[in-house]
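Engineer: sequence and predicted structure below; questions after.
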Amino acid sequence: MTVEQAAPAPGRHAAAGLLSARGVTMRFGGLVAVNNVDYDVYEGEIVGLIGPNGAGKTTFFNCLTGMYKPTSGTVSFRGRPLRPRPQAVTKAGVARTFQNIRLFANMTALENVMVGRYCRTTTGPISAILHGPKYRREERETRERALELLRFVGLERSADHLARNLPYGDQRRLEIARALATDPGLLLLDEPTAGMNPQETRGAMELIFRIREQGLAVVVIEHDMRFIFNLCDRVTCLVRGEKLCEGTPESVQSNPRVIEAYIGTGPEAAEGA
Ligand SMILES: Nc1ncnc2c1ncn2[C@@H]1O[C@H](COP(=O)(O)OP(=O)(O)OP(=O)(O)O)[C@@H](O)[C@H]1O
């Protein structure tokens, strides 16, 4: 498959790449879910990853975040190779949310965000067990930061509510707050508006813009094309595990190969594209 690649907007990519994937391939037995994908994300941009069902988007996210060890290829972040282990990737500064929300259902919203924060705390096991001064200070700071993040995503009033009792859209926001608690430089969102009503979707877009204002880069997988094209600086389209094209929302939206890839996957997608 030939990849059509739009030239980057002048000046936009003068900065060094934040995340860089080269030749990433993921096979499941005989199925090649991701095939030799090169991918770059630059500081402070919002990029979209689109493609019909089964195109390999989530598998690619899993390769970027250490959930899967790619069959071949490399991923680096801030110029350093990323070890394909979720914890190592999080510590390096890449956070993600999941297509199917993965919160601790029986913990409060605040506790969920605090859990995200623990990858940045340094209290050793002895101090934690004895609740020593260092533990208490870190616990207080963790709590304050978690509250700040709940405010940032608009959930401050739900801090003490159990995650499972939150409305669906709020659960998605909570997942984002928990991801932000790890202090990432790059946030990967897998279908952040799935199941949301139009008002919640507008809220999610506004939240992603505010996350970028904090200096983060964001990659978004979405089936809602209007959302993607209104939100993103750049869009990449995957089809059958391969990169079909990449460029500005306008160029991708009007690309006949993208439209063709969506036709046959359902009227909704074709209409959206
Ligand atoms: N763990 C796995 N084992 C075997 N096959 C898998 C596995 N995960 C994904 N696949 C297959 O890899 C292909 C890509 O799936 P993936 O979920 O990455 O696509 P997607 O673009 O995210 O799809 P969707 O938009 O429907 O979420 C599909 O054919 C899927 O069935």
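Structural biologist: Great, that's in hand. If you're wondering where the values come from, they're calculated on a predicted model, not measured in any experiment.

Engineer: can we go C-alpha only for contacts and neighbour counts from here?
Structural biologist: Noted.

Engineer: show me the contact partners of stretch 87-103.
Structural biologist: 65-66, 77, 82-83, 112, 119-120, 163, 171-172, 175-176, 179-180, 182-192, 194 (CA atoms under 8 Å, 6 or more residues apart in numbering).

Engineer: quick one, which of those residues are buried?
Structural biologist: By neighbour count, with 16 or more other CA atoms under 10 Å, the contacts of stretch 87-103 hold 65-66, 77, 82-83, 112, 163, 171-172, 175-176, 179-180, 182-192, 194 as buried.

Engineer: check these against the ligand, which are close?
Structural biologist: Filtering those for proximity to the ligand by CA under 6 Å from any ligand atom leaves nothing.

Engineer: which of those fall in strands?
Structural biologist: Among the buried ones among the contacts of stretch 87-103, DSSP state E puts 77, 186-190 in strands.

Engineer: to the chain's geometric centre, what's the distance from stretch 154-170?
Structural biologist: Chain-centre distance of stretch 154-170: 21 Å, with CA atoms, centre = their mean, to the nearest Å.

Engineer: now do the buried residues in that stretch.
Structural biologist: Under 16+ other CA under 10 Å, the buried positions of stretch 154-170 are 154-156, 158-159, 161-163, 166, 168-170.

Engineer: okay, now the domains of this structure?
Structural biologist: For the chain, automatic domain parsing gives the domain ranges 1-93+185-273, 104-183.

Engineer: a markdown table please, covering these and showing mean pLDDT.
Structural biologist: Output for the domains of the chain, formatted as a markdown table (pLDDT from 0 to 100):
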| stretch | mean pLDDT |
| --- | --- |
| domain 1-93+185-273 | 88 |
| domain 104-183 | 87 |
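
Engineer: could I get the contacting residues of I50?
Structural biologist: Taking CA under 8 Å, 6+ apart as the test, what I50 contacts is 57, 221-223, 235-238.
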